[in-house]
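J.: quick one, structure for this:
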Amino acid sequence: MDALEMLNNDHRMVEQLFRDYQTAKNDEQRRGVVDVAIRELSKHAALEELMVYPLAKEAVPDGEQEIGHHLDEHMAVKKTLVALDEAGEDQEETDRLMATLQKEIDEHVQDEEQGLWPKLRKAVDQEALDDLGQVLDEAKKVAPTRPHPKAPTEPPKLALAAPAAALYDRVRDKFQKRPQT
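T.: Alright, predicted model coming up:
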């Protein structure tokens, strides 16, 4: 599976999480969905920032400007994820934040799938996208599982910060009995 197909699959999974949240039968189920959404979106953003966006910045016409826009979207999502993580048992606040997150994600997914991905597919050969897909698949296993809005968003600083953040996140996840991957 190439990198863009893999990222699109992540998008579909997150869309399903929003549906799961809406149909959850109780607060405990909703909190479980929130925890999975935080984990999966954090991993997805870290991988895009570390591996996909640098490629797009170089390969796509006006890549610098385009990726700047996507990084701004990521920052908004990360801040919402932090607020969701801190909302705890406050269901009214969690509902509000999940609605905000869904809007942010819907816009971001549309921007990527209808804008950036076609440009990247045109600019980069299929073999490179296939290779990147394999790398993303492996990197996903060790990516940060929590949002880090104050962390660097671009290499090389991101490449240095991400492993430490991922290790810290996995220790926190285990201690707090959060979903593991």
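
J.: pull the number of nearby residues for the nearest residue to Gly115 once chain neighbours are set aside.
T.: Distances taken as C-beta to C-beta, 6 or more residues apart in numbering place Glu66 nearest to Gly115, at 7.5 Å, with adjacent residues excluded. For the C-beta atoms, the positions are set from N, CA and C on the backbone; glycine is no exception. Neighbours of Glu66 under the rule other C-beta atoms under 10 Å: 19.

J.: same check on the one 10 residues further on?
T.: One way to gauge burial is a neighbour count; for Ala76, by other C-beta under 10 Å, it gives 16.

J.: element containing it?
T.: Per DSSP states H and E, Ala76 falls inside helix 63-87.

J.: so who does the residue nearest to Gly115 touch?
T.: Contact analysis of Glu66 by C-beta atoms under 8 Å, 6 or more residues apart in numbering lists 56-57, 60, 115-116, 119.

J.: re the thing from before, need the contact partners of the following helix or strand past the helix holding Ala76.
T.: Where DSSP H and E defines the elements, the next helix or strand beyond helix 63-87 is helix 91-111. Helix 91-111 has contacts (C-beta under 8 Å, 6+ apart) with 11, 14-15, 18, 21, 27, 30-31, 34, 37, 41, 69-70, 73-74, 76-77, 80-81, 83-84, 87.

J.: so how far is helix 91-111 off the chain centroid?
T.: Offset of helix 91-111 from its chain centre (C-alpha atoms, centre = their mean, to the nearest Å): 13 Å.

J.: can you list the buried residues in it?
T.: Using 16 or more other C-beta atoms under 10 Å as the test for burial, helix 91-111 gives 94, 97-98, 100-102, 104-105, 108-109.

J.: export the residues you listed to TSV and tack on pLDDT?
T.: TSV is the format used below for those (pLDDT from 0 to 100):
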residue	pLDDT
Thr94	97
Leu97	98
Met98	98
Thr100	99
Leu101	99
Gln102	99
Glu104	99
Ile105	98
His108	98
Val109	98
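
J.: show me the contacts for the nearest residue to Ala143 once chain neighbours are set aside.
T.: Ranked by C-beta to C-beta, 6+ apart and with sequence neighbours excluded, the top spatial neighbour of Ala143 is Lys43, at 4.1 Å. Residues near Lys43 by C-beta under 8 Å, 6+ apart: 140, 143-145, 181.

J.: following the chain onward from the strand or helix carrying Lys43, which element is next?
T.: Here Lys43 sits within helix 27-47, counting by DSSP H and E. Next in sequence after helix 27-47, counting helices and strands by DSSP H and E, comes helix 53-59.

J.: separation between Thr140 and Val14?
T.: If you look again at residue 140, you'll see it is Lys, not Thr. Lys140 is 14 Å from Val14, where distance means C-beta to C-beta, to the nearest Å.

J.: which of these two has more neighbours?
T.: A direct count of neighbours by other C-beta under 10 Å for Lys140 and Val14 places Val14 higher, at 20 against 16.
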